[in-house]
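> Return atomic coordinates for the entry below.
(2 chains)
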Amino acid sequence: MGLVIFNTLTREKQPFVPVQPGKVGIYLCGPTVYKPSHVGHAVGPIIFDAVKRYLVHCGFEVRWVVNITDVDDKLIVEAEKQNTTTIELAERITKDYLDAMKILRVDTIDIMPKASEHIGDIIDFIKRLEVRDIAYESGGDVYFDVTKDADYGKLSNRRIEDQAGQRDLQSAEKRNPADFALWKAAKPEEPEDVKFDSPWGKGRPGWHIECSAMAMRYLGETFDIHGGGVDLVFPHHENEIAQSESATDKPFAKFWMHNGLTKVNTKKISKSDADPEMQAVLQQMTLHNLLDEYPGELIRFFILSTQYRSPIEYSQAEIASKRKGLDTFYRLFERVARLCGVSPYEKATELGEPGDDPGAGVASDVLAKSCVEQTALFKKAMDDDFNTAGAIAALFDFAGIINRVIEQEKIESGGNVAVRRAPDAAKADVLTATARLISVARLIGVFLDPPDLQAADRDGLIDKAMNVLIQVRQHVRKNKDFTTADLIRDLLKEQGITLEDRADGTGWRKD
RNA sequence: GGCGGCGUACCCAAGUGGACUAAGGGGGCGGAUUGCAAAUCCGUUAUCGCGGGUUCGAAUCCCGCCGCCGCCUCCA
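The predicted model follows:
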């Protein structure tokens, strides 16, 4: 069974076959950097980061491009509003975006081209269309003539006639209302920063052309996967296809992948929604604010818990629910580290990616079998249109199996005589299996690093104080003074610290 | 009005013709464990929006209806 991908172009799942054997080119539409990004903008990057990691694991050489749109009407407006330059605004918002990507562990992007740095490519591209008489100039603007493109509308399944009159751009100079701008003439009052020289006079590129130009520059005239939110299908991607294929006579992207939109209170989140209520939501939901409140891995896990084509309903309650699920894994990892004296994260790094036999090095039959089966289930889900939700389910099952073995073999309390296995051998198996789980999760960029729990106040002092407290409590428990023991536990609980009395001692954690 | 999508348990969410007498997570309930908890484990909690139809067989295909959402203007 091979990898299949749902292609918006054909509206069905198709076996993935790259344009060039062994190589994959991916282009994802990135942000327009005029306002801080929100959760929804993280969906594409996170999904595609997982996609890239998985494809690399599958043996492909992948080049992934995400653009930054830093030339746009909205930047001009927003910069003026903030009394700054478009350049300063773009740099500030871009930095904010990149910081968020880093925290979300979206670190497999190869190239992030900026529109402002590819004006030459864009102009050349428009000239190509002009030479072919597909683009025409009109008062300093250059438009794409949709009537020259026989299959215009194939991506979004629209016909030009249906669009007639709908596009309200007021450009009387257009031949057809559905024609779209490739180049926009500069207006006198606009800042000099956004006035670029061109054969048609000063101006700036239209919205769609930059993606075509940059995608071709870095991925060639035909490449494998083009992605973005479903809201980009029309007009953006439709127009990209139109201009690109009209210029080259070759297919542009082979697969079009569109992720579902993020919603709050059943409504799509949108940067450009003027509704005051939405603006308030946006303010709260910026990636920046969100990542101040929650760990990046939690947001990533939250997003990957849904198949990418489904919409995601964002709410604090949902995040909380996902956090508990994530904690199950973290607790297992801590438990194993405690029992084995080795971090399963490190062991996972040592183990490397799962190969032909994911159960290698595990003596226990149940565990070896689970390593093989859960890895297979994980991959099966991923092979089916990158079903990260299904893949994560396999991880949960895997964790449950390992916990069960720990229970059954009584590893925590020194070994089960009935099982007649040396405790050390059992521990080694548990460690390896857990490491395997981590190494599999890493295929989608999860469990890359240990969570830095309480990083801020872990200077050792709190540990020491907690140990004293725990010893005192241990003492009174030995004397059956449970009232005092429970008082200590309850008071700590009120402070957000939970005690766990285990067979091998008492542990504590911050809630 | 045109185009597209969705509706699976209390909530989130996989599955899209037969191994589904429907994954997984959260929550609830019962049990094991525990001095009691916590954690962990075990069990339990749905016939798939509604009504027809196709089929030996449908959550999965077709028709109709209801509800929700997206795009058609900028949007990840």
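> which residues of the stretch 401-511 of chain A fall in helices?
A:423-441, A:461-478, A:482-494 (DSSP state H, counting those that start in this stretch).
> Report the mean per-residue pLDDT for the longest one.
This points to helix A:423-441. Mean pLDDT, helix A:423-441: 95.
> got it, and the shortest one?
Here helix A:482-494 scores 94 as its mean pLDDT.
> Is it in proximity to RNA strand B?
Yes: Helix A:482-494 reaches RNA strand B (C-beta under 7 Å from any atom of the strand) through A:482, A:485-486, A:489. Glycine gets a C-beta too; all of them are placed from N, C-alpha and C.
> ok, back up a step: give me whichever of the helices of the stretch 401-511 of chain A is most buried.
helix A:423-441 (a mean of 24; mean count of other C-beta atoms under 10 Å).
> Does RNA strand B have contacts with it?
No: on the criterion C-beta under 7 Å from any atom of the strand, helix A:423-441 is out of touch with RNA strand B, staying 11.8 Å away.
> Mind giving me the packing neighbours of that helix?
helix A:316-340, helix A:344-351, helix A:365-383, helix A:388-408 (3 or more C-beta pairs under 8 Å, 6 or more residues apart in numbering; DSSP states H and E).
> closest to A:Ser270 out of those?
helix A:316-340 (19.6 Å; C-beta to C-beta).
> mind checking how far the closest one is from the chain centre?
Per C-alpha atoms, centre = their mean, to the nearest Å, the displacement of helix A:316-340 from the mean C-alpha position of its chain is 20 Å.
> what's the weakest-modelled helix or strand in chain A?
Least confident helix or strand of chain A, by mean pLDDT, DSSP states H and E, is helix A:160-163 with a mean of 68.
> Output the helices and strands packed on helix A:423-441 in JSON lines; the columns should cover mean neighbour count, mean pLDDT and distance to A:Ala274.
Below are the helices and strands packed on helix A:423-441 laid out as JSON lines (neighbours: other C-beta atoms under 10 Å; pLDDT from 0 to 100; distance: least, C-beta to C-beta, whole Å):
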{"stretch": "helix A:316-340", "mean neighbour count": "16", "mean pLDDT": "95", "distance to A:Ala274": "25"}
{"stretch": "helix A:344-351", "mean neighbour count": "19", "mean pLDDT": "97", "distance to A:Ala274": "46"}
{"stretch": "helix A:365-383", "mean neighbour count": "20", "mean pLDDT": "95", "distance to A:Ala274": "39"}
{"stretch": "helix A:388-408", "mean neighbour count": "19", "mean pLDDT": "96", "distance to A:Ala274": "34"}
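> quick one: contacts for the residue nearest to A:Leu232 when sequence neighbours are not counted?
Using C-beta to C-beta, 6 or more residues apart in numbering and skipping the chain neighbours, the partner closest in space to A:Leu232 is A:Cys29 (5.8 Å). Listed by C-beta atoms under 8 Å, 6 or more residues apart in numbering, the contact partners of A:Cys29 are A:44, A:66-67, A:211, A:227-229, A:232, A:236-237.
> just to revisit the earlier point, any idea which of the helices of the stretch 401-511 of chain A gets closest to A:Asp449?
Proximity to A:Asp449 (C-beta to C-beta) singles out helix A:423-441 among the helices of the stretch 401-511 of chain A, at 10.3 Å.
> returning to that earlier point: output the helices of the stretch 401-511 of chain A in CSV, with distance to A:Val33 appended to each entry.
Putting the helices of the stretch 401-511 of chain A into CSV (distance: least, C-beta to C-beta, whole Å) gives the following:
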stretch, distance to A:Val33
helix A:423-441, 32
helix A:461-478, 41
helix A:482-494, 45
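> For A:Gly325, find the nearest of those.
Set against A:Gly325 and scored by C-beta to C-beta, the helices of the stretch 401-511 of chain A come closest in helix A:423-441, at 12.7 Å.
> Distance from the chain centre to the closest one, please.
Helix A:423-441 sits 28 Å away from the centroid of its parent chain (C-alpha atoms, centre = their mean).
> how much does it deviate in direction from helix A:365-383?
Here helix A:423-441 points in a direction 0 degrees away from that of helix A:365-383 (axes from the mean of the first three to the mean of the last three C-alpha atoms, to 10 degrees).
> export helix A:423-441 as PDB, just CAs?
The C-alpha coordinates for helix A:423-441 follow below in PDB (Å, rounded to 0.1, in the frame of the first residue of the first chain):
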ATOM      1  CA  PRO A 423      13.600  -7.200  36.100                       C
ATOM      2  CA  ASP A 424      16.400  -5.600  34.200                       C
ATOM      3  CA  ALA A 425      15.500  -7.300  31.000                       C
ATOM      4  CA  ALA A 426      11.900  -6.200  31.400                       C
ATOM      5  CA  LYS A 427      13.000  -2.700  32.000                       C
ATOM      6  CA  ALA A 428      15.200  -2.700  28.900                       C
ATOM      7  CA  ASP A 429      12.300  -3.800  26.800                       C
ATOM      8  CA  VAL A 430      10.000  -1.100  28.200                       C
ATOM      9  CA  LEU A 431      12.600   1.500  27.500                       C
ATOM     10  CA  THR A 432      13.200   0.400  24.000                       C
ATOM     11  CA  ALA A 433       9.500   0.100  23.200                       C
ATOM     12  CA  THR A 434       8.900   3.600  24.700                       C
ATOM     13  CA  ALA A 435      11.800   4.900  22.600                       C
ATOM     14  CA  ARG A 436      10.200   3.300  19.600                       C
ATOM     15  CA  LEU A 437       7.000   5.100  20.300                       C
ATOM     16  CA  ILE A 438       8.800   8.400  20.500                       C
ATOM     17  CA  SER A 439      10.800   7.700  17.300                       C
ATOM     18  CA  VAL A 440       7.500   7.000  15.500                       C
ATOM     19  CA  ALA A 441       5.900  10.100  16.800                       C
END
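> what's the closest non-adjacent residue to the residue nearest the centre of chain A?
For chain A, the residue sitting closest to the mean C-alpha position, by C-alpha atoms, centre = their mean, is A:Ile46 at 0.7 Å. The shortest distance from A:Ile46 to any non-neighbouring residue, by C-beta to C-beta, 6+ apart, is to A:Ile303 (4.9 Å).
> Just the element for that neighbour, please.
Per DSSP states H and E: A:Ile303 is located in helix A:296-304.
> ok, now how distant is A:Ser246 from A:Glu494?
68 Å (C-beta to C-beta, to the nearest Å).
> A:Val281 now?
Distance from A:Val281 to A:Glu494, by C-beta to C-beta: 33 Å.
> Repeat that for A:Thr147.
Applying C-beta to C-beta, the value for A:Thr147 to A:Glu494 is 72 Å.
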